[in-house]
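Student: Sequence and predicted structure, then a few things I'm wondering about:
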Amino acid sequence: MKKFYITTSLPYVNAPPHIGFALEIVQADILARHRRLAGDEVVFNTGTDEHGLKVYRQALAEKKDPQAYADEYAKKFELLKDALNLSYTDFIRTTDPRHMRAAQEFWRRCEKSGDIEKKAYKIKYCVGCELEKTDSELTDGRCPVHPNLALETIEEENYFFKFSKYQKKLLDFYDGHPDFVVPDFRFNEIRKFVAGGVNDFSISRLKEKMPWGVPVPGDDSHVMYVWFDALVNYISTLGWPEDEKKFRDFWPGVQVAGKDNLRQQTAMWQAMLMSAGLPNSRQVFIHGFVNVAGGKMSKSVGNVVDPLELVRAYGTDAVRFWLAREVNPFEDSDFTLERFKESYNANLANGLGNFASRVTALAADTEFVLSKLAVSKEVEQAIADSREACRRKLAGFAFNEAITAVLELIRFGDAYVNEKKPWETKDAAVIYDLTVILDNVAALIAPFLPKTAEAITKCIRHTDGKVSVDRCPTLFPRIA
RNA sequence: GUCAGGGUAGCUCAACGGCGGAGCAGGGCUUUCAUAAGGCCAAGGUUGUGGGUUCGAGUCCCACCCCUGACACCA
């Protein structure tokens, strides 16, 4: 049995899950289910990233213990499991003791490789906000909130990771693995970034200022900068370093991450793995963002789409369908309720749901004796084409096109019914053809819409050499 | 500002330099097995703008306009 490991990135617990993370985890779930159905043994990991300044600050602001605060948010992410019918096998929290031990061991290995050193770290500090500012937070070198106050520069000692040492090795690695990052344009982006020169990055924070992190081994005055610890989750979840067998069986794996994570996943983490003497990730798939009516989702605008709310209104598979079929896997996409409904009615109600309904109604009175029936060549070909297209598209993370291949089979089936008029002819061979098409549609759609596939499959009963069919209930009622 | 990618039907997207396509939405016809569903047909375009190369340009070149992303510590 082949082993397959796939993981999402870990969402940071300073906000409830939004549709963007739902996208990522559903994409990963589709691939996990696809591989499982193909017979692989699958580890599918997700979890929560719980350390760092933002969690610490927000916990303080809400007068909560950081761990209690993280617990509360981790629970919200776990709610997604039922809502979206996710099949992950592992849920790692970066505050799990085993993860923290792994992060520390990882640190020691990088240290042993001579890749961790203490250096002066310059911080820009806005006296007005009384906060550290990163360059990307500044406009024209000034705090946007207090543009007439000069920023202060504070120096402190931090541990740094010798990223620069890995520039050449990363470029060589990229050259040797042309499919390492999907899509291509993201791969080019990171290649160019690394080729342009990489600087060592800070991987610790002074504990007295920010205690909410994994303690740095051998130095009580520092905790790890959240990135360093969080990235290790991809292997700590596999039991590294203790569970060598599971680690060897499943690592390296496929990582799914958003475009904001490109550098961390495809360059920094890879350099860290090299430093620790571990194999690089197998592949990183970078998805785009879900925008709302062309604009970014933001709490202040109040346009955040809550995946749980959508599920309540339209059902799990309707939401999974939208994420897989209407979102461009590689680019940003817009969410609008209007398009969501249009797609639902066109593809799920009129398409898949109606097809299941008409085929099972036609087949319900017939008992098929398999020895007397053969699927027509034409139908066989249509099924084979659809299956092959679906498999190929999924291998390239083109979830939307994979579903299109299934929809084409449904379209073929609908035309086949109209053409053959089995309600007139009562031709058992034709009705059997249709049953087989429906059965295959269910199998192909299963990674995307597991509940729906199950509901269809349940209607088609196989008993020693015979097939009989029950009428399928309405799968997707039309919505106004 | 620099670099990269893009601008094609109302919407989402296809089109090795060779007659601009598909799905959805909207329109017409039609069927009754099916969820007011299905099928068929037609319509829908100055391919961002202006030049150039070419027998021929959505595609190549130049200029301009617009959009998106990256430009490091955003966890």
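Tutor: Received it, and whenever you're ready, just let me know what you need. Note that this is a predicted model, so its numbers are computed, not measured. Numbers count the residues shown, from 1 in each chain, chains lettered A, B, ... in the order given.
Student: the strands in the stretch 201-350 of chain A, which residues?
Tutor: Taking DSSP state E, counting those that start in this stretch, the strands of the stretch 201-350 of chain A run over residues A:201-202, A:204-206, A:215-216, A:219-224, A:254-258, A:283-287, A:290-292, A:333-335.
Student: mean pLDDT lowest for which of those?
Tutor: Lowest mean pLDDT within those: strand A:290-292, a mean of 81.
Student: that older thread, RNA strand B: which of the strands of the stretch 201-350 of chain A is closest?
Tutor: Closest approach to RNA strand B among the strands of the stretch 201-350 of chain A (Cβ to the nearest atom of the strand): strand A:201-202, 4.1 Å. In short, each C-beta sits where N, CA and C put it, glycine included.
Student: so what does that closest one touch, helix or strand wise?
Tutor: Counting contacts by 3 or more Cβ pairs under 8 Å, 6 or more residues apart in numbering; DSSP states H and E, strand A:201-202 is packed against strand A:152-161.
Student: Next SSE downstream of the strand it packs on?
Tutor: As assigned by DSSP states H and E, the chain's next helix or strand after strand A:152-161 is helix A:167-176.
Student: buried ones in that following helix?
Tutor: Buried residues in helix A:167-176, counted by 16 or more other Cβ atoms under 10 Å: A:Gln167, A:Leu170, A:Phe173, A:Tyr174.
Student: TSV for these, including distance to A:Ala446 and pLDDT?
Tutor: Shown next, in TSV, are these (distance: Cβ to Cβ, whole Å; pLDDT from 0 to 100):
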residue	distance to A:Ala446	pLDDT
A:Gln167	44	91
A:Leu170	38	93
A:Phe173	35	93
A:Tyr174	35	91
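Student: Which of those sits closest to RNA strand B?
Tutor: Comparing those against RNA strand B with Cβ to the nearest atom of the strand places A:Gln167 closest, at 8.8 Å.
Student: how much distance is there from the longest helix that chain A contains to the middle of the chain?
Tutor: Secondary structure of chain A per DSSP state H: the longest helix is helix A:399-420. Here helix A:399-420 is found 27 Å from its chain centre; the criterion is Cα atoms, centre = their mean, to the nearest Å.
Student: can you give me how far stretch A:58-76 is from the chain middle?
Tutor: Stretch A:58-76 sits 24 Å away from the centroid of its parent chain (Cα atoms, centre = their mean).
Student: near RNA strand B at all, it?
Tutor: No: Stretch A:58-76 lies out of reach of RNA strand B by Cβ under 7 Å from any atom of the strand, never closer than 10.7 Å.
Student: Mind listing residues that contact that stretch?
Tutor: Residues outside stretch A:58-76 that contact it (Cβ atoms under 8 Å, 6 or more residues apart in numbering): A:Val13, A:Asn14, A:Pro16, A:Pro17, A:Thr48, A:Glu50, A:Val55, A:Tyr56, A:Arg93, A:Thr95, A:Trp212.
Student: Could you measure from the fourth one over to A:Ala83?
Tutor: The gap separating A:Pro17 from A:Ala83 is 9 Å, by Cβ to Cβ, to the nearest Å.
Student: Correct me if wrong: A:Gln104 contacts A:Val214.
Tutor: Yes: if you go by Cβ atoms under 8 Å, A:Gln104 and A:Val214 touch, sitting 6.4 Å apart.
Student: ok, the two, which is more surrounded?
Tutor: Neighbours were counted for A:Gln104 and for A:Val214 using other Cβ atoms under 10 Å; A:Val214 has more, 26 against 18.
Student: Quick check: phi and psi on that one?
Tutor: When read as degrees, to the nearest 10, the backbone of A:Val214 gives phi -80, psi 130.
Student: I figured it hits A:Phe106, correct?
Tutor: No: the criterion here is Cβ under 8 Å, and A:Val214 misses it with A:Phe106 at 9.8 Å.
Student: that older thread, so is whichever helix or strand comes after the longest helix of chain A next to RNA strand B?
Tutor: Toward the C-terminal end, the helix or strand that comes next after helix A:399-420 (DSSP H and E) is helix A:422-425. Yes: using Cβ under 7 Å from any atom of the strand, helix A:422-425 reaches RNA strand B at A:Trp423, A:Glu424.
Student: For helix A:422-425, enumerate the helices and strands it packs against.
Tutor: Packing contacts for helix A:422-425, counted by 3+ Cβ pairs under 8 Å, 6+ apart, involve helix A:428-445.
Student: and whichever helix or strand comes after the helix it packs on, what does it pack onto?
Tutor: Moving toward the C-terminus from helix A:428-445, the next helix or strand (DSSP H and E) is helix A:450-459. Contacts defined by 3+ Cβ pairs under 8 Å, 6+ apart place helix A:450-459 against helix A:316-321, helix A:354-363, helix A:428-445.
Student: Alright, calling it a day.
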